[in-house]
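Using only what follows, build the 3D model:
(chains A and B)
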Amino acid sequence: DAGVIQSPRHEVTEMGQEVTLRCKPISGHDYLFWYRQTMMRGLELLIYFNNNVPIDDSGMPEDRFSAKMPNASFSTLKIQPSEPRDSAVYFCASPEGVEAFFGQGTRLTVV
Amino acid sequence: DQQVKQNSPSLSVQEGRISILNCDYTNSMFDYFLWYKKYPAEGPTFLISISSIKDKNEDGRFTVFLNKSAKHLSLHIVPSQPGDSAVYFCAARVTSYDKVIFGPGTSLSVIP
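Got it, this is the predicted structure:
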C-alpha cells in the first residue's frame, strides 16, 4: 500500500477563492481524520469519519469549511471562500488500531 | 480549551544525553497516549504508545512514562542522536469516540 496520499502538496490561492484538498486513505481503514497544523495551535482535529460517515465535525472552524467522504477511498476538505488565516498545513490521517498513518500534508497559502 | 498540553515549545540536548519531553492532559477519559515524531515537510509518524492501565512502555531508546494521578506523561530518549531532531507531538485517544487529540508539539534539537 502506498500509504495515505494527499493532493496537492502545495496550494497557493487568492483570498475569496474556493480551495479543495484531497485525501486517499489506506485501503481497509475505517476511520479518516482531517487535521490542520499551525504554529500557534499545533495539530488541530477538524473532522473525522467512520465508514464514510462524519462522526465529529466540532473542530471545523467555520461554515466556510466542509468535508465529504463519498466513498471509502476518497475524501475532500473544501474551503469556500478562503481567507489568509486559513494558511496552514492540512493533514489527513488513516488510523489502524492505536496508530494513525498520516499523509504528507497539503501546504495551503492564501494570499 | 486544550486537552493535551506540551508546555515546552522547544528543547535542546547534547548528543548522547537524555532528552525528556513532557506532556500534560486534562481529560481522565483518555485511554491511550501516543507520541508522534514529525520532520519538516513530512507527515507525523507514530513513535510509541502507552495504555492508560500501564505506567511505562519501552521501545529501544524510547520510553514513555505515565503518571495518571498527575495526568502527566513523558517521553525519554536515551541516548539522543542528531537524527532525533524533530517536532514531537503528544496525543491522546478517547476510545469511545476514537478521537485522537494532539498537543501543540515540542521541537527537539540534538546537538552533535
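
so who does residue A:96 touch?
Shown in contact with residue A:96 (C-beta atoms under 8 Å, 6 or more residues apart in numbering or on different chains): A:26, A:29. Where C-beta positions appear, they are placed from N, C-alpha and C, glycine not excepted.

mind checking the backbone torsions on residue A:59?
phi -90, psi -10 (degrees, to the nearest 10).

per-residue confidence at it?
Here the pLDDT value assigned to residue A:59 is 91.

which residues sit in contact with it?
Counted by C-beta under 8 Å, 6+ apart, residue A:59 has contacts A:44-47.

Could you rerun that using 10 Å?
A:33-36, A:44-48, A:65, B:99, B:101 (C-beta atoms under 10 Å, 6 or more residues apart in numbering or on different chains).

Over to residue A:41?
Taking C-beta under 10 Å, 6+ apart, one finds A:88, B:2, B:102, B:104-105 in contact with residue A:41.

try 8 Å
residue B:104.

Do I have it right that residue B:25 meets residue B:71?
Yes - the pair residue B:25 / residue B:71 is scored as a contact, 5.1 Å apart, by C-beta atoms under 8 Å.

So between these two, which is more surrounded?
residue B:25 (22 against 15; other C-beta atoms under 10 Å in any protein chain shown).

could you dump the contacts of residue A:59 to JSON lines with neighbour count?
Converted to JSON lines, these look like this (neighbours: other C-beta atoms under 10 Å in any protein chain shown):
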{"residue": "A:33", "neighbour count": "26"}
{"residue": "A:34", "neighbour count": "25"}
{"residue": "A:35", "neighbour count": "26"}
{"residue": "A:36", "neighbour count": "22"}
{"residue": "A:44", "neighbour count": "19"}
{"residue": "A:45", "neighbour count": "20"}
{"residue": "A:46", "neighbour count": "20"}
{"residue": "A:47", "neighbour count": "23"}
{"residue": "A:48", "neighbour count": "24"}
{"residue": "A:65", "neighbour count": "19"}
{"residue": "B:99", "neighbour count": "19"}
{"residue": "B:101", "neighbour count": "20"}
